[in-house]
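S.K.: Predicted model and sequence below, questions to follow.
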Amino acid sequence: MCLAVPALIKSVDGDQAEVELGGVTRHASIILTPEARVGDYVLLHAGYAINVVDQAEAEETLNILREMARLAGDDA
C-alpha cells in the first residue's frame, strides 16, 4: 500500500521545494506539480509532490493521520 501525505511548501527553488510535515522540513521534487507555490499544500509521496490540495483538505487529512497514530499508541 502506498500513502501520500500533505506537506506545506515553505520555499521553492526551481523544481525543488522545501516542505514541512509535522514540524520536520525536507526537500521534495515539484517536477510533477509545476503549479505548486509557497504556501500551498501538496500530497507528498516518495519525495515527489504528486498533487496540490487545498488547505482544508490537507488539514483534515493530517488530523485523521494524527488520530490514527494516537489510537495506535504513538505520540505523533
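M.R.: Right, received. Where do you want to start?
S.K.: who touches the longest strand seen in the chain?
M.R.: Longest among the strand segments of the chain by residue count, using DSSP state E, is strand 5-13. For strand 5-13, contacts defined as CB atoms under 8 Å, 6 or more residues apart in numbering pick out 17-21, 25, 28, 30, 36-45, 49, 53, 57-59, 61-62, 65. Where C-beta positions appear, they are placed from N, C-alpha and C, glycine not excepted.
S.K.: Show me which positions of that strand end up buried.
M.R.: Val5, Pro6, Ala7, Leu8, Ile9 (16 or more other CB atoms under 10 Å).
S.K.: and Leu62, what helix or strand is that in?
M.R.: Taking DSSP states H and E as the definition, Leu62 sits inside helix 55-72.
S.K.: oh, I was asking about Ala28
M.R.: Assigned by DSSP H and E, Ala28 falls within strand 24-29.
S.K.: elements contacting that strand?
M.R.: Judged by 3 or more CB pairs under 8 Å, 6 or more residues apart in numbering; DSSP states H and E, strand 24-29 is in contact with strand 16-21, strand 48-53.
S.K.: quick one, which of these is nearest to Ala72?
M.R.: Relative to Ala72, the nearest member of the helices and strands packed on strand 24-29 by CB to CB is strand 16-21, separated by 18.0 Å.
S.K.: Just the C-alpha atoms of the closest one, please, in CSV.
M.R.: Provided in CSV are the C-alpha atoms of strand 16-21 (Å, rounded to 0.1, in the frame of the first residue of the first chain):
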residue,chain,number,x,y,z
GLN,A,16,12.7,21.6,-5.7
ALA,A,17,10.8,22.7,-2.7
GLU,A,18,11.4,22.8,1.0
VAL,A,19,8.3,21.3,2.6
GLU,A,20,7.2,21.0,6.2
LEU,A,21,5.4,18.0,7.6
